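>>> Based on what follows, work out the 3D shape:
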Amino acid sequence: MSEPSWALSRKRQTLTERARIIQNIRSFFIDRGYLEVETPHRIPANAPEPHIEAVASGACALHTSPELAMKRMLAAGYEQLFQICRVWREGERGQFHLPEFTLLEWYRTGIDYNALMNECMELLFVLVPEGKLCRSGRTIDLTMPWQKLTVAEAFTRYASVDLNQALASDGFEEILTSEVEPHLGKEKPTFLTEYPSSLAALARTKVGEPQVAERFELYIDGLELANAFSELTDAKEQRRRFEEDEELRRTAGKTPYPLPEKFLAELATMPELPSALIA
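Residues are numbered from 1 along each chain as shown. I've put the predicted structure just below:
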């Protein structure tokens, strides 16, 4: 008789917990009036982000997120959407990255990105009702209040250079990953807010502070859990940003991407809203 696969057998507890989490996520959003959707995984064009590579699928590509397709639904009049789906990103392999993974993404009209922080907290409270999360031998307290820290403050506190120096040297991502992120969310979850507008291709800039975007990321024990922002709805500005990012890709010798023209054509009818995604 063949022996069972012990590698798979050892995953039972993890898979059981994963199933519980996904079921609770669905209940959380359905109870709040969100519509669960499933958009195409194979699309003509992803957003041309300089640091994310799509997986080719014939003349199309597998989606790196369901973002563009879901936003087209918002432009058509849908008000609250969520999706749990597989996404693909070429070359994403490391301790916290895989080329194929599950992503939760949701959108809601009529709120700003500050209200979305509250929704992230409410979701975590539902998933971890005991109010404490254990990871790598460390206990994270989920009770209020959670820490909020701007990107500029985080670089001043933890990095070897300040934010302006990191941006000028083109070393922002490397310094953020190696010097800043390991310190975030060690005792309580941390919202990292006010990203430089140059690093938020699809986000709206902050009123009165155009140098920063209305974007935040949520960290627990140095691990990024969520990325969220208020959506840019200016089609002309979005096209300019996409063209700039595509030029950066081509200059770096990366595969040229077509612009997502259907998304750009419908962007003008999309309402003001924030969005969030959790990998």
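>>> how about the strands of the stretch 51-200 of the chain, start to end?
For the stretch 51-200 of the chain, the strands defined by DSSP state E, counting those that start in this stretch occupy 56-57, 60-62, 80-88, 100-108, 132-135, 138-141, 147-150, 190-193.
>>> Make a markdown table from those and add distance to Asp234 to it.
In short, each C-beta sits where N, CA and C put it, glycine included. Listed next are the strands of the stretch 51-200 of the chain as a markdown table, based on distance: least, CB to CB, whole Å:
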| stretch | distance to Asp234 |
| --- | --- |
| strand 56-57 | 30 |
| strand 60-62 | 25 |
| strand 80-88 | 21 |
| strand 100-108 | 18 |
| strand 132-135 | 38 |
| strand 138-141 | 38 |
| strand 147-150 | 24 |
| strand 190-193 | 22 |
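>>> what's the neighbour count on Thr205?
18 (other CB atoms under 10 Å).
>>> which residues does the residue nearest to it when sequence neighbours are not counted contact?
The shortest distance from Thr205 to any non-neighbouring residue, by CB to CB, 6 or more residues apart in numbering, is to Ser197 (4.9 Å). Residues in contact with Ser197, defined by CB atoms under 8 Å, 6 or more residues apart in numbering, are 203, 205, 210-213.
>>> From Val151, how far out is Ser197?
11 Å (CB to CB, to the nearest Å).
>>> Kindly point out which residues are neighbours of both of the two.
With CB under 8 Å, 6+ apart as the test, Ser197 and Val151 both reach Val212.
>>> Quick one: classify the spatially most central residue of the chain as helix, strand or coil.
Closest residue to the average C-alpha location of the chain: Asn227 at 3.3 Å, with CA atoms, centre = their mean. What DSSP: H, G, I helix; E, B strand; the rest coil gives for Asn227 is strand.
>>> again, but for Ser275
Assignment for Ser275 (three-state DSSP): strand.
>>> For it, give me its contacts.
Per CB under 8 Å, 6+ apart, neighbours of Ser275: 67, 70-71, 105-107, 116, 228-229, 231.
>>> and if we set it to 10 Å?
Ser275 makes contacts with 65, 67, 70-71, 74, 81, 105-108, 113, 116, 202-203, 227-231, as judged by CB atoms under 10 Å, 6 or more residues apart in numbering.
>>> Sketch out the low-pLDDT regions of this structure for me.
Residues of the chain meeting the criterion pLDDT under 70: 1-3, 93-94, 273-274, 276-279.
>>> May I ask you to name the longest helix in it?
helix 12-31 (DSSP state H).
>>> Alpha carbons only: can I get it in CSV?
C-alpha atoms of helix 12-31 as CSV (Å, rounded to 0.1, in the frame of the first residue of the first chain):
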residue,chain,number,x,y,z
ARG,A,12,-4.2,20.0,7.6
GLN,A,13,-4.3,22.4,10.6
THR,A,14,-3.1,25.3,8.4
LEU,A,15,-5.6,24.5,5.7
THR,A,16,-8.4,24.2,8.2
GLU,A,17,-7.5,27.7,9.6
ARG,A,18,-7.2,29.1,6.1
ALA,A,19,-10.7,27.9,5.3
ARG,A,20,-12.1,29.5,8.5
ILE,A,21,-10.5,32.8,7.6
ILE,A,22,-11.9,32.8,4.1
GLN,A,23,-15.4,31.9,5.3
ASN,A,24,-15.3,34.7,7.9
ILE,A,25,-14.0,37.2,5.4
ARG,A,26,-16.9,36.4,3.1
SER,A,27,-19.4,36.7,5.9
PHE,A,28,-17.8,40.0,7.0
PHE,A,29,-18.3,41.7,3.6
ILE,A,30,-21.7,40.1,2.8
ASP,A,31,-23.1,41.2,6.1
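>>> Give me the helices and strands touching that helix, please.
Counting contacts by 3 or more CB pairs under 10 Å, 6 or more residues apart in numbering; DSSP states H and E, helix 12-31 packs against strand 35-36, strand 80-88, strand 100-108, helix 113-127.
>>> any idea how far the longest one is from the chain center?
Spelled out, that is helix 113-127. 14 Å (CA atoms, centre = their mean, to the nearest Å).
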